[in-house]
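S.K.: Below: sequence and its predicted model.
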Amino acid sequence: MIIIEPHIHMVSRTTDDYQAMYAAGIRACVEPSFWMGINRTRAGTFIDYFRLILDWETIRARRFGIDHFAGVSVNPKEAEDLVLAREVIAEIGPYLDHPRCVALGEVGLNAITPNEETILAEQLALVVDKELPVLVHLPHFNKPEGIRRIMAILAESGIADERVLIDHNTEDTMPLARGTGYHLGLTVYPISKLTPQRVSHIIRHYGHERMIVSGSADWGVSDPLSLVKVVNFLREDGHPDAVINDLVFNNANRFYANSPRWKPELGLIPVDPREFQR
């Protein structure tokens, strides 16, 4: 089964992870903008980071047979500083238009503060008239309140539901999110967030239409092969292959197809490391 990893932070992963992902059937991935472990202090460090994930990380991934795309934004974890966030927003335009940029994101809420809400709204305004999907980050705590605030801001933005993926849903947010036309993300981590078992339960209860599963692997305890483990568990738990294929390939492919730049090459062949290793 060919897999798209729709949300993963590969700058925090090793080349061994790329090799393992390819061997497991992952052929394309999207890397949304991320907090780097410390809050950045200058707009230029954001810009250099955008260049890193749009240019260099694409090259690194293709060497291992995976077509890599990215999303750019001020991540909600760094949206509290209005002055800095607005400096980044003022310079972000060329990177939203980059050939490898297929989304605005991650945007959303972290601590559910007024400043975060302001920066979310201002970033959404950047892409109202662009053919770009939007990847939205739900807060890690008080998720029901977070999704209520996010959905209100999305409604005010005028962005069509089908262009939005609200990520990091749990059982607490699904009753609120499922009545919308948004794509909904389920994130699987070894310790926090969801397990394959919880994903299975959510899919049985709410169905698989517009549902997208990701591993969202980053600096912490996470797993770039989470989706493979989800596939194996769902099969053992009796879900049809057609449903599983939607969850780990088709639905993500449909969502990112809202961007005309999303044309993943799924037949890339890994390059012999002796050709580029120095």
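M.R.: In hand now; what should we look at?

S.K.: residues making contact with the host helix or strand of residue 102?
M.R.: Per DSSP states H and E: residue 102 is located in strand 101-108. Strand 101-108 is contacted from outside by 7, 30, 32-34, 54, 69-76, 95-96, 116, 119-120, 123-124, 126-127, 132-139, 146, 150, 165, 167, 256, 259, 261-262, using Cβ atoms under 8 Å, 6 or more residues apart in numbering. Every C-beta, even on glycine, is put in place using the N, C-alpha and C of the backbone.

S.K.: Buried only: go through the residues you listed for me.
M.R.: Using 16 or more other Cβ atoms under 10 Å as the burial test, the contacts of strand 101-108 include 7, 30, 32-34, 54, 69-76, 95-96, 116, 119-120, 123-124, 126-127, 132-139, 146, 150, 165, 167, 256, 259, 262 as buried.

S.K.: In strands, which of those residues appear?
M.R.: 30, 69-72, 134-137, 165, 167 (DSSP state E).

S.K.: so which of these would you say is closest to residue 1?
M.R.: Ranked by distance to residue 1 (Cβ to Cβ), these are led by residue 30 at 18.3 Å.

S.K.: wouldn't that closest one be in contact with residue 53 here?
M.R.: No - Residue 30 is not in contact with residue 53 according to Cβ atoms under 8 Å; the separation is 10.0 Å.

S.K.: Next, count neighbours for the closest residue to residue 252 other than its chain neighbours.
M.R.: Distance criterion Cβ to Cβ, 6 or more residues apart in numbering; nearest residue to residue 252, sequence neighbours excluded, is residue 6 at 4.0 Å. When neighbours are defined as other Cβ atoms under 10 Å, residue 6 has 29 of them.

S.K.: tell me the contacts of residue 6?
M.R.: Counting by Cβ under 8 Å, 6+ apart, residue 6 touches 29-30, 165, 185, 212, 214, 252, 255-256.

S.K.: what do you get if the cut-off is 6 Å, keeping everything else the same?
M.R.: 30, 212, 214, 252 (Cβ atoms under 6 Å, 6 or more residues apart in numbering).
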